[in-house]
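> structure for this input, please:
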Amino acid sequence: MFDMKPMSLVLRLMILFFSLKLAAITTGSDHFVFSGFSNSDINLDGAATVLPNGLLYLTNGTAMIRGHAFYPTPLRFREFSNSTVHSFSVSFVFGILPPYPSHGIAFFVAPSKNFSSAVAVQYMGLLNKQSNGNVTNHIFAVELDPVQNSEFHDINDNHVGIDINSLQSMQSYSAGFYDGKNGNFENLSLISGAAMQVWVDYNAKTSEINVTMAPLHVEKPVRPLLSATYNLSTLITELAYVGFSSSTGKIKSQNYVLGWSFGMNSPAPAIDVTKLPRLPHVSTKDRSKILEISVPMAIAMVLIATGTTIFLLVQRHLRYAELREDWEFEYGPHRFLYKDLFDATQGFRDKHLVGSGGFGTVYKGVLRVSKLEIAVKRVLHSSQQGMKEFIMEIVSLGRLQHRNLVQLLGYCRRKGELFLVYDYMPNGSLDKYLYSQENNLYLGWAQRFHIIKGIASALLYLHEEWEKVVIHRDIKPSNVLLDNEMNARLGDFGLARLHDHNIEPQSTQVVGTIGYLAPELASISKATPHTDVFSFGIFILEVTCGKKPIIESNQENQLMLVDWVLEHWHKGSLTDTVDTRLEDEEQFENLQTKCLKSLSSKLEEASVLEYSDPSF
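Numbers count the residues shown, from 1 in each chain. Reported below is the predicted structural model:
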């Protein structure tokens, strides 16, 4: 028979051994403290080295390098892969010697010690351009960064940040601490050459991350420098390494860690600051060298900044430069600043272009202060001849006030350009409603007749009721705009001419649009209210018939709309000229014959329509 007592003793010893082994895995190596790194069991990578006095020197004063220091074994941050990450606490003392800023120091938690693909410079030896922001990194870091990198949206060149898989911090704040006596915030310079202590605490229950810092020999402040909430159970792997990473750019820098402690599920052990190695002393010679380098650099930076500011101001002035002559000041209230028009149209971008023609391009804009919607017509004006008179007329037209006129708000001059500013008409010009095949752009007879009466009222005002006689000279559907209630507004006074009442207008060149020009203009070359009325008659026919003033026949010959309507009138088929889209409207049936007969007879007799005629 076997003696069971020795077997029982061996079994108990084996159970005890595995229990102790399991305890070592789950709780062992989860607390450590280094008050200096002499004879320490720490792994180094890249440029990192431990100096004889115990300083951990991460970058060894070489340009464009990276350095890493790791606790030699991975720590168990969770019991198994899908469990919650433990709470943990970190404390370390660091120093960055002036005058040259490095690209910082970062404490990290990572699944591996392999950083062979990491880049120095702005990536701190942790990541590279391709891996930055990748969710598979599983890297948590706290950065101490004395360089502002715009690509990572750094807040300044002296900040502390909490990083998750990326060098673009999820939370950052200027380096400093909150004084325990009065609670005031005190700035700290990361490159002051002084030793400073940092605490990083993670609470697994609340997922809160707190980062605190203070000068060495100052107790840990009660208020953290910055806080963030992030569940690290979604990030940190079951076993992970802890350590430091640092990098340099083109300028050499000196980055040191003096002491380090870590605690899992408990505060990090206190670092014995009396045993910490001293940072290298910046000698008087070194300080003189620093001044020799930094003062000229500072002066150069001031000169560059001043020159840049002057350049930008000059460029800004040239960008918004305008032409203004002494005689224009009397018209000041009607003049817009070019900068305001530029801002309103977002730099006259194509997406704000609403129309173009021989007289210029039109942009929609919104004035920044008043939020008023405006239409800005941009006109090239290469000749200065007659500019004063033109501006005077534009300003005079700005005083026109009528419900059926597009309100001219003002103008602006700049180099070879002229800008005219109008009220914006949201429904655009009439021509698109007359010729579009889209159902939503259809105009019924009631709307068309309302538009005709509106333009007639506007012409009566221009010719007889205002202080001067205004001859528009370009009445056509494309110059009739519709407001938000579909009221007609006559616009585009670019060809308009003014003269006093009871004074004959002077002869001038023939201008306008072919098809709308009165026959007598060919002989007298003189625009009058009567020539406007002829154009208005063509406008009425166009609105009623839905055809342009020049009709392309089947034989590819051009036929005038007036002649076409008269031809049908002589044939007794006048109703055949009506826009076919209006044929089903009962309200139009009785009006069309009376209106067309009256208009065509007037055209036949005098080639002029009198808007004051009772039959109109």
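> give me the pLDDT value at residue 292.
As summarised for this prediction, residue 292 has a pLDDT of 52.
> all helices of the stretch 401-550 of the chain, in order?
Secondary structure of the stretch 401-550 of the chain, counting by DSSP state H, counting those that start in this stretch: helices at 431-435, 445-460, 521-524, 529-545.
> go on, the stretch 251-400 of the chain?
With DSSP H, counting those that start in this stretch, the ranges of helices along the stretch 251-400 of the chain come out as 284-319, 338-344, 387-397.
> so who does the residue nearest in space to the middle of the chain touch?
To find the centre residue of the chain, average its C-alpha atoms and take the closest one (C-alpha atoms, centre = their mean): that gives residue 346, at 10.8 Å. With C-beta atoms under 8 Å, 6 or more residues apart in numbering as the criterion, the residues that contact residue 346 are 352, 365. Heads up, the C-betas are built off the backbone N, CA and C, glycines and all.
> now it: how far from residue 352?
To residue 352, residue 346 is 6 Å away according to C-beta to C-beta, to the nearest Å.
> joint contacts of those two?
Between them, residue 346 and residue 352 share these contacting residues under C-beta under 8 Å, 6+ apart: residue 365.
> what's the most buried one of the helices of the stretch 401-550 of the chain?
Of all the helices of the stretch 401-550 of the chain, helix 529-545 has the most neighbours on average by mean count of other C-beta atoms under 10 Å, namely a mean of 22.
> who does the helix or strand following that helix touch, helix- and strand-wise?
The helix or strand immediately downstream of helix 529-545 is strand 550-552, counting by DSSP states H and E. With contacts defined as 3 or more C-beta pairs under 8 Å, 6 or more residues apart in numbering; DSSP states H and E, the packing partners of strand 550-552 are strand 558-560, helix 561-571.
> one more time with 7 Å
If you count contacts as 3 or more C-beta pairs under 7 Å, 6 or more residues apart in numbering; DSSP states H and E, strand 550-552 packs onto strand 558-560.
> the strand it packs on pairs with which strands, and in what direction?
Taking DSSP bridges as the criterion, strand 558-560 pairs within the sheet with strand 550-552 (antiparallel).
> distance of residue 208 relative to residue 201?
8 Å.
> these two: which is more packed in?
residue 201 (20 against 15; other C-beta atoms under 10 Å).
> let's verify the more buried one: helix, strand, or coil?
strand (DSSP: H, G, I helix; E, B strand; the rest coil).
> strands of the stretch 1-150 of the chain, residue ranges please.
Under the criterion DSSP state E, counting those that start in this stretch, the stretch 1-150 of the chain contains strands at 31-35, 43-46, 49-50, 56-57, 66-70, 75-76, 88-97, 105-110, 140-145.
> which residues touch stretch 545-553?
The contact list for stretch 545-553 (C-beta atoms under 7 Å, 6 or more residues apart in numbering) reads 434, 515-516, 538, 542, 558-561, 564-565, 577-579, 581.
> same thing with stretch 161-168?
The contact list for stretch 161-168, computed with C-beta under 7 Å, 6+ apart, reads 122-124, 127, 132-135, 137, 139-143, 145, 152-153, 169-172, 209, 211, 226, 228, 230, 235.
> show me which of the residues you listed are buried.
Buried members of those, counted by 16 or more other C-beta atoms under 10 Å: 122-124, 127, 132, 137, 139-143, 145, 152, 169, 171-172, 209, 211, 226, 228, 230, 235.
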